[in-house]
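Novice: Just a sequence and a predicted model for now, questions to come.
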Amino acid sequence: MKFSRRDFLSAAGLSAAALVLGACDSEGPKRAAGLLADAERVNRKVERSLFRHTSMDHAPRGAAASGDSFPSYFVSDEVPVWDTAAMGAWRLEVGGMVRTPLSLSLDDLMRLERRTQRVNHYCVEGWTAVAEWSGVPVHVLAELAGVDPAAKVVDFESFDDAYHESWDLESVLHPQTLVAYAKDGKMLTPAYGAPARIHSPVKLGYKNTKYLTRIRFIAEPNGGYWSDRGYEWYGGL
């Protein structure tokens, strides 16, 4: 019987969940907080041990792109749209534990190294969609900013109602992790995270922050919108 990496990670997550539920007695889930944290640390170590920089995702040959049927998600009450009149020109700030903080316009991003990739998008709900994404590899921005060797985590912040998610540095520096500004050959629309968003096939969809405004290199994980609601922090594939 074949047992894929995704199956293994799913099983590990279910096992951890079962342990936590077993600990939720009359004192409620607070009693399980320590066990949950321990399970998360174990899962994180297992997933990081499985991660490989040389593993590259490619959409199956002949697989149709999802196009406009690609699901659109956001946490605000309405589709987030950058309001230039109220907030000024959009810029991407790159800072935290770096030697040279960056402040980049969309034009600045488009002048940097560009990567276009046709890859899978994996949702925690179990579906997979195919799209072509274009943007700047995040490792290019890390090199320009000069990241402090003590930085181990990267936080991606959004203007979508304070949405953010933090990642491990190894996944951030994967060649297929992009600050994407185009999808299927066209500039991003608000439904898909305009003006720019994170996209990478090495993470589950909820880790791919849309409506990006800031990238911060930090020392320790600081959770995230879904991570703080019980979803796995690592969220890797």
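Specialist: Good, I have the coordinates.
Novice: Mark out where each domain of this protein begins and ends.
Specialist: Following automatic domain parsing, the chain resolves into domains at 1-50, 58-229.
Novice: Quick one, which of those domains gets closest to G235.
Specialist: When the domains of the chain are compared by CB to CB, domain 58-229 sits nearest G235, at 4.3 Å. Backbone N, C-alpha and C define where each C-beta goes, glycine included.
Novice: Kindly reformat the domains of the chain as JSON lines containing mean pLDDT, mean neighbour count and distance to L237.
Specialist: Below are the domains of the chain laid out as JSON lines (pLDDT from 0 to 100; neighbours: other CB atoms under 10 Å; distance: least, CB to CB, whole Å):
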{"stretch": "domain 1-50", "mean pLDDT": "47", "mean neighbour count": "13", "distance to L237": "6"}
{"stretch": "domain 58-229", "mean pLDDT": "96", "mean neighbour count": "17", "distance to L237": "6"}
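Novice: so which of those domains comes closest to G236?
Specialist: The nearest among those, by CB to CB, is domain 1-50 at 4.8 Å.
Novice: can you list contacts of stretch 158-166?
Specialist: Contact with stretch 158-166 is made by 74-76, 80, 82, 87, 153-157, 206-213, 218, 221-227, 233, 235, as judged by CB atoms under 8 Å, 6 or more residues apart in numbering.
Novice: What about those residues, which are in strands?
Specialist: The members of these that map onto strands under DSSP state E are 153-157, 212-213, 218.
Novice: For E132, which residues are in contact?
Specialist: Counting by CB under 8 Å, 6+ apart, E132 has contacts 65, 116-119, 183-185.
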